[in-house]
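J.: predicted structure and sequence below. I'll ask about it afterward.
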Amino acid sequence: MISLLGIRHHGPGSARSLRAELEKLRPDCILVEGPPDADALIPLAAQVGMTPPVALLLYLPDDPQRAVYYPFAEFSPEWQAIQYALKNKLPVRFMDLPQKYQLTVEYAEAPIVPDAPPNPDEPASTPFDPFSMIATAAGYSDGERWWEHFVEQRRESGDVFLGVVELMTALRAEAPKLGDAVAGKTQSRDSQREMAREASMRTIIRAAQAEGCRNIAVVCGAWHAPALVDLDTVNADEKLLSAYIRLSASKPVVESTWVPWTYDRLAQRSGYGAGIESPGWYEHLWQTETHIVEKWMVRVAQSMRAEDLGISPAHAIEATRLAETLAALRGRPLPGLPELDEAMQSIFCFGDDAPMRLIRENLIIGRRMGKVPVEAPTVPLQRDIAAAQKRTRLEPSASPETLDLDLRKPLLLERSQLLHRLNLLGIPWGTLQTARGAKGTFHELWQVEWKPEFAILIIEASLWGNTVLEAATHKVDTEAVQASELPTLTRLVEAALLADLAASVPGLMTRLQQVAAASADIPHLMEALPPLANVLRYGNVRQTDTGMVRQVVDELVARICIGLPPACSALDDDAAQAIFDQINAVQDAIGILQDEAHALAWVRALEQLAAQDVVHGLVRGRACRLLFDRSDAQAGAGADEEIAAHMSRALSPGTPAAQSAVWVQGFLHGSGQALIHHPRLWQLVDEWVLSLSDELFTSLLPLLRRTFSVFPAPERHQLGELAKSGGRVAFAVGESDLDPVRVEKALALVLRILEPEK
């Protein structure tokens with residue numbers, strides 16, 4: 001006897017009905033829709049440490065990107081069938097077209113069946129969605145809603161599987177025939193594959209019968225169930241499979257393993273073809289036998305209270321009543337997700353979308369991540385990563401987490417090195433964040449989130465070595481040899497030192513010196529400096545030798561300062577913007593280096609830029625501002641007068657207004673404090689603006705507006721008050737305006753406030 005148990009992938013109602021049906025049938029063999037290539041991995045599903053959601057990963061060892069996942073949740077019917085078989089020591093195997101053919105197939109334009117020429121007059125068929133047709137007839141918005149109400153929310157099995165086969169048989173009769181290729185119609189790639197898959201399923205069922213199995217339970221997608229009723233199609237199936245297999249480019253060996261999965265990747269929004277809308281809600285349906293809605297609302301209330309949102313038991317009661325009322329009004333036996341969503345939006349969120357997004361992410365989708373046992377086959381690199389995660393106590397998590405790593409502590413330093421090494425290998429477990437606040441150079445902020453697809457990236461990276469250190473070292477060494485541009489090499493040096501790849505550093509530095517000596521491209525030299533400055537900044541904290549780096553940095557700074565003024569002559573707008581950005585980056589790097597010789601050389605280069613009329617106004621304005629900030633910090637009044645002279649010349653009537661405007665843009669980039677606290681500079685800009693004709697002012701207004709709009713709000717307010725008062729600002733007072741008596745009283749009060757307690 002063959003029992004066809006048509007299910008919906010990842011459906012809790014299907015899983016519950018399936019378990020009840022298996023208990024009633026007591027089969028002697030179970031066949032589950034899945035990849036026969038992974039039959040050897042089925043026993044691992046019962047091992048201690050296997051916690052869904054998990055997925056079977058099948059890939060080509062020589063081309064790991066050609067891979068396929070088969071996800072399973074606890075509420076997946078296939079998972080429950082496997083668990084039932086292993087618990088009762090029954091034979092269980094997968095049935096489908098082996099992936100060794102699917103992963104390498106080269107689809108032909110001709111039909112899969114030989115001697116069936118395509119019909120050019122056949123119109124293109126539109127996609128057919130049978131479940132939407134049923135849903136429309138039953139008064140539901142879509143097929144997902146219909147299936148959930150009639151199958152997933154069932155509490156008993158009854159004759160549901162007989163009904164599913166009968167329904168699917170009728171639907172397939174209305175759908176475009178999969179057997180149309182035999183009649184001479186050209187089949188799509190999907191049709192070819194589906195025909196071959198069902199032929200392979202029938203072949204595996206017949207093989208189980210030949211082995212002596214008499215009570216076979218076949219667990220497959222509901223759509224395929226009618227195609228498995230008639231097994232007297234041996235010749236046709238052989239013909240189909242032979243034709244399809246010939247499309248395969250080769251007959252490779254397919255590797256397979258179990259990998260952790262997440263609810264986020266099980267959801268439809270991830271792009272997974274058999275994805276479901278609400279994994280977290282389906283888990284609740286699977287685990288909850290009674291009072292489904294009430295217990296769900298309690299979970300939601302608890303989650304929101306954990307986020308410091310004021311939700312009381314009364315809210316949960318009202319939300320439950322509203323969901324049940326909506327279901328009754330719509331003629332539903334139980335509230336479904338639409339009714340729950342509307343009730344939660346109204347009662348818990350008061351119509352606000354933000355808390356509803358939180359509920360969706362944490363509960364409706366869910367943040368669960370599975371685990372696989374150590375016995376699962378894997379590449380050596382994966383085992384080394386797992387060991388490093390255990391050693392550093394840095395467990396993978398499907399939820400984004402922020403790590404604040406104090407690099408003075410050995411354990412946290414090792415975490416940082418691991419994350420940097422994985423990034424070098426193209427496994428972005430962690431993303432380095434920009435640290436804010438005064439925590440010093442010994443802190444790193446990381447955003448970490450483990451994703452299931454990292455399994456493929458790890459397999460690809462294993463080509464570089466069997467351990468994280470070995471693989472990262474070999475990859476950096478190879479990229480260093482292939483790199484021909486200085487910025488690429490400096491980024492590699494920075495990454496290698498942050499990852500503590502000591503063996504790679506000497507070769508990298510030698511290659512860096514060779515390329516730097518041969519490079520005459522000033523923009524490349526400027527782009528190369530900031531990463532090396534960061535290396536020197538973090539070197540002492542990470543206990544790395546930066547002597548060779550400093551030698552290269554000294555050479556780069558000298559060459560940049562000498563070559564920058566000539567390189568900035570006759571730039572167009574795009575080139576000027578690029579140099580403008582690089583000047584800002586070099587300025588930051590000079591500040592990080594804290595070397596007076598470098599700072600003086602850089603100041604001389606900026607002075608040359610500011611004085612050359614052939615330099616683009618944007619670059620000259622920025623050079624003047626950097627010089628002004630340095631002189632202002634050092635209270636250099638003479639230097640201020642020099643900057644005012646530069647501004648006066650840049651805004652003079654003899655300078656084209658467009659060039660004057662970009663000079664102002666460069667000078668005021670990011671801050672207007674110079675105009676607020678220095679009346680002479682404000683006066684020059686004010687007089688220049690007043691001198692513009694109406695036509696010129698209108699044409700320059702977008703640029704000026706863009707310049708001033710990025711200032712902080714308090715600065716814009718102060719500039720507005722300054723313009724309103726005609727250039728007089730109450731807080732811009734000189735030393736002669738101070739009242740000594742009042743100043744003395746103020747100082748006495750400040751000293752009293754700051755005096756330590758006795």
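T.: All right, it came through fine.
J.: would you map out the domains in this protein?
T.: 2-261, 279-366, 380-464, 645-758 (automatic domain parsing).
J.: which among those is found nearest to Lys475?
T.: Closest approach to Lys475 among the domains of the chain (CB to CB): domain 380-464, 4.7 Å. To be clear about C-beta, it is placed using only N, CA and C from the backbone, and glycine gets the same treatment.
J.: off-centre distance for the closest one?
T.: Mean-position distance between domain 380-464 and its chain equals 15 Å (CA atoms, centre = their mean, to the nearest Å).
J.: now do stretch 555-574
T.: For stretch 555-574 - counting by CA atoms, centre = their mean - the centre lies 37 Å from the chain centre.
J.: who does Val54 form a beta bridge with?
T.: Phe72, Pro260 (DSSP bridges).
J.: ok, it - contacts?
T.: Pro71, Phe72, Trp258, Val259, Pro260, Trp261, Gly370, Lys371, Val372 (CB atoms under 8 Å, 6 or more residues apart in numbering).
J.: tabulate the domains of the chain (JSON lines), appending mean pLDDT and distance to Ala567.
T.: Shown next, in JSON lines, are those (pLDDT from 0 to 100; distance: least, CB to CB, whole Å):
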{"stretch": "domain 2-261", "mean pLDDT": "80", "distance to Ala567": "42"}
{"stretch": "domain 279-366", "mean pLDDT": "89", "distance to Ala567": "50"}
{"stretch": "domain 380-464", "mean pLDDT": "88", "distance to Ala567": "29"}
{"stretch": "domain 645-758", "mean pLDDT": "80", "distance to Ala567": "17"}
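J.: for Ala533, grab the count of nearby residues.
T.: By the measure other CB atoms under 10 Å, the count of residues near Ala533 is 26.
J.: next: Ala55.
T.: Counted with other CB under 10 Å, the neighbours of Ala55 add up to 25.
J.: that one and Trp429: what is the separation?
T.: 18 Å (CB to CB, to the nearest Å).
J.: go on, Lys295?
T.: Taking CB to CB, one finds Lys295 at 35 Å from Trp429.
J.: more neighbours, the two?
T.: Remark: of Lys295 and Trp429, Trp429 carries more neighbours, 20 against 16, as counted by other CB under 10 Å.
J.: surely that one meets Trp450?
T.: Yes: contact criterion CB atoms under 8 Å: Trp429 and Trp450 qualify, at 6.1 Å.
J.: next, show the common contact partners of the two.
T.: Jointly contacting Trp429 and Trp450 under the rule CB under 8 Å, 6+ apart are Pro396.
J.: helices of the stretch 651-758 of the chain, start to end?
T.: In the stretch 651-758 of the chain, the helices defined using DSSP state H, counting those that start in this stretch lie at 657-667, 673-677, 679-691, 694-709, 713-724, 740-754.
J.: what is the third one packed up against?
T.: Right, helix 679-691. Here helix 679-691 touches helix 637-650, helix 657-667, helix 673-677, going by 3 or more CB pairs under 8 Å, 6 or more residues apart in numbering; DSSP states H and E.
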